[in-house]
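Colleague: Quick one, what's the 3D model for this:
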Amino acid sequence: MKEYIWQLIENNLPIATIIIVVLLLGLMYLVWWTRGITEKVRAHSLHGDRISTCENETATIKLDLAEIKTAITYMGNGINSIVDGLKNEKSIIINPFTKRNSPISITEKGQEAIDRLGLHETILNNWIRIKLYVEENVKSMNPYDIQQFCMQHTSVYPEKFVSPDDLDRIKMDAYKSGYSLSTYMGVVAVLVRDEYFAEKGIDLSEVDKHDPTMNEE
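Modeller: Numbers count the residues shown, from 1 in each chain. As a prediction, this is how the structure comes out:
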């Protein structure tokens, strides 16, 4: 089995290299983010008289820590999806249901899952609480950050976006197909993003305009 997996990696070496680099960059970003939080805590200890300011900053730190935990878990789910690709597609595919080129879109296989499970209707049926969750928890309202929020939070907190019964249906289909739950939730993320953008009058092309990794001078 080990030899088989290594053979798959060798056959997809350029893609595997890219994945490793992306994961390393993500880890470096998390380290940098954590360092910034540590500096905030140290600053608080030096200014104990600013109680109200400290309370506000503490709340911000808690939110930042929660986002770090979400990002780390999301990265772990991404690795699980890669393993799914090795098992089912015999190649390294991050998510067979979504296209990774920005803005993230749905593949033919992803659309089949949407139609089979009625996921669009599921989103509409849960839309009020989904919208409330997004607006109460997203840190930035620019289109790129909204997309990233949807991708991460649907994967880590699926129960915030679908009902328990819907989640059971998705899990059962995932079990039968051999894919992870996060693979399916990637499709849910795109549906949530599109519904939110449509309601707010946000053009999908705005995602790339706010992507910090693109159009850098």
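
Colleague: so where do the helices sit in the protein?
Modeller: 2-11, 13-46, 51-88, 108-117, 119-125, 127-137, 143-156, 164-177, 181-200, 206-209 (DSSP state H).

Colleague: Give me the domain ranges for the chain.
Modeller: Listed domain ranges for the chain are 1-93, 95-217 (source: automatic domain parsing).

Colleague: which of those domains has the lowest average pLDDT?
Modeller: Per-stretch mean pLDDT for the domains of the chain is lowest at domain 1-93 (a mean of 53).

Colleague: Please name the nearest non-neighbouring residue to Thr98.
Modeller: In space, and not counting its chain neighbours, Thr98 is closest to Gly186: 4.6 Å by C-beta to C-beta, 6 or more residues apart in numbering. Just so you know, the C-beta spots here come from the backbone N, C-alpha and C atoms, and that holds for glycine as well.

Colleague: what separates Leu132 from Ile106, distance-wise?
Modeller: 24 Å (C-beta to C-beta, to the nearest Å).

Colleague: Looking at those two, which is more packed in?
Modeller: With neighbours defined as other C-beta atoms under 10 Å, Leu132 and Ile106 compare such that Ile106 has more, 18 against 11.

Colleague: Look up how far Glu136 lies from the more buried one.
Modeller: 26 Å.

Colleague: and what of Asp115?
Modeller: 31 Å.

Colleague: same deal with Ile123?
Modeller: 18 Å.

Colleague: Pretty sure Tyr133 sits against Lys160.
Modeller: Yes: the pair Tyr133 / Lys160 is scored as a contact, 5.0 Å apart, by C-beta atoms under 8 Å.

Colleague: got any residues that touch both of these two?
Modeller: His153 (C-beta atoms under 8 Å, 6 or more residues apart in numbering).

Colleague: got the buried residues for stretch 159-170?
Modeller: 161-162, 166-167, 169-170 (16 or more other C-beta atoms under 10 Å).

Colleague: Please identify which of the residues you listed is nearest to Arg193.
Modeller: Of all those, Arg193 sits closest to Phe161, with 11.3 Å by C-beta to C-beta.

Colleague: Hmm, Asn126 and the closest one touching each other?
Modeller: Yes: the pair Phe161 and Asn126 qualifies as a contact (C-beta under 8 Å) at a distance of 6.6 Å.

Colleague: Can you pull the residues that touch both of those two?
Modeller: Common neighbours of Phe161 and Asn126 (C-beta under 8 Å, 6+ apart) do not exist.

Colleague: For Ser163, give its distance to Asn125.
Modeller: 7 Å.

Colleague: With Arg193 instead?
Modeller: Arg193 is 17 Å from Asn125, by C-beta to C-beta.
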